[in-house]
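A.B. asks: sequence-free structure coming up:
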């Protein structure tokens, strides 16, 4: 089946640093990738949608300069949290989609900002 | 606008008992409906989906759900709970014909008591 790999699975860093999270579709070409944020005991909230080679579309309230998304190839999208602060600590999940097919989710990245 | 509600943020069942997780949706257009499962510190796995056709859909791990348009419901059931079913379950909805803008419910945490 379709496999989506996310790396790293857990990252701890100091406040003010930038963190990059990778999302790869391992066995299919992802025309669209999605980035979600999940706070403890809460549901997934869509942050942005990215299509390969295009600028990402951000949901209302999500700072595009804070959360930089790059989707340079059909198998890789990256989310960079710039100048991270403790309030950015969360579980970030990506998903990948090819054509008009269901999204396949990565295993998530737990980000902790000290 | 679309939305999803899940009655009961936490459900406990005994091993071998019936599992019933409730989901109601709101959509002004015919929906696609989904159930996802999330294990701790992992991404989401698709259990089953309803798009068109038969209203009773069968998924993985013995789960099934029935689309009832008149009740705007899509409840998830399993005849006999296993310990391995303990997880977080999310109901989700998207516009018919699209897997893009998926709106997730708040989730129901299922505990299975031995």
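C.D. replies: Great, that's in hand. Computed from a prediction, not measured in an experiment: that's the story for all the values here.
A.B. asks: for residue B:10, what are its contacts?
C.D. replies: With contacts defined as Cβ atoms under 8 Å, 6 or more residues apart in numbering or on different chains, the neighbours of residue B:10 are B:108-109, B:111. Placement of C-beta: from N, CA and C, glycine included.
A.B. asks: how about the residues of chain A by chain B?
C.D. replies: Within chain A, the positions adjacent to chain B are A:4, A:6, A:9, A:32, A:41-44, A:46, A:49, A:91, A:93, A:95, A:97, A:100-108, A:110 by Cβ under 8 Å from any Cβ of the partner chain.
A.B. asks: buried ones only from those, please, as a ChimeraX command.
C.D. replies: Listed next is the ChimeraX selection for buried residues among the residues of chain A next to chain B, using 16 or more other Cβ atoms under 10 Å in any protein chain shown:
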select /A:4,6,32,43,44,46,49,91,93,95,97,102,103,104,105,106,107,108
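A.B. asks: restricted to strands, list the residues of chain A next to chain B.
C.D. replies: Judged by DSSP state E, strands contain the following of the residues of chain A next to chain B: A:4, A:6, A:32, A:44, A:46, A:49, A:91, A:93, A:95, A:97, A:104-105, A:110.
A.B. asks: the residue in chain B that chain A sits nearest to: neighbour count?
C.D. replies: Nearest residue of chain B to chain A: residue B:43, at 3.7 Å (Cβ to the nearest Cβ). Residues lying near residue B:43 (other Cβ atoms under 10 Å in any protein chain shown) number 22.
A.B. asks: excluding chain neighbours, give the residue nearest to it in space.
C.D. replies: residue A:105 (3.7 Å; Cβ to Cβ, 6 or more residues apart in numbering or on different chains).
A.B. asks: likewise residue B:99?
C.D. replies: residue A:102 (5.0 Å).
A.B. asks: what of residue B:36?
C.D. replies: residue B:44 (4.1 Å).
A.B. asks: my read: the one you found touches residue B:34, true?
C.D. replies: No. Between residue B:44 and residue B:34 there is no contact under Cβ atoms under 8 Å: 9.3 Å.
A.B. asks: for the closest residue to residue B:73 other than its chain neighbours, name its beta-bridge partners.
C.D. replies: Nearest non-adjacent residue to residue B:73, counting by Cβ to Cβ, 6+ apart: residue B:24, 5.2 Å away. With DSSP bridges as the criterion, residue B:24 is bridged to residue B:5, residue B:73.
A.B. asks: spit out the contact partners of residue B:24.
C.D. replies: Contacts of residue B:24 (Cβ under 8 Å, 6+ apart): B:4-7, B:71-74.
A.B. asks: before we move on, what about residue B:68?
C.D. replies: B:55, B:74.
A.B. asks: what's the end-to-end length of stretch A:106-114?
C.D. replies: 25 Å (Cα to Cα, to the nearest Å).
A.B. asks: nearest the middle, which residue of the chain would you pick?
C.D. replies: All of this is about chain A. residue A:35 (3.8 Å; Cα atoms, centre = their mean).
A.B. asks: wait, I meant chain B there
C.D. replies: Computing the C-alpha centroid of chain B and ranking residues by Cα atoms, centre = their mean puts residue B:35 first, at 3.3 Å.
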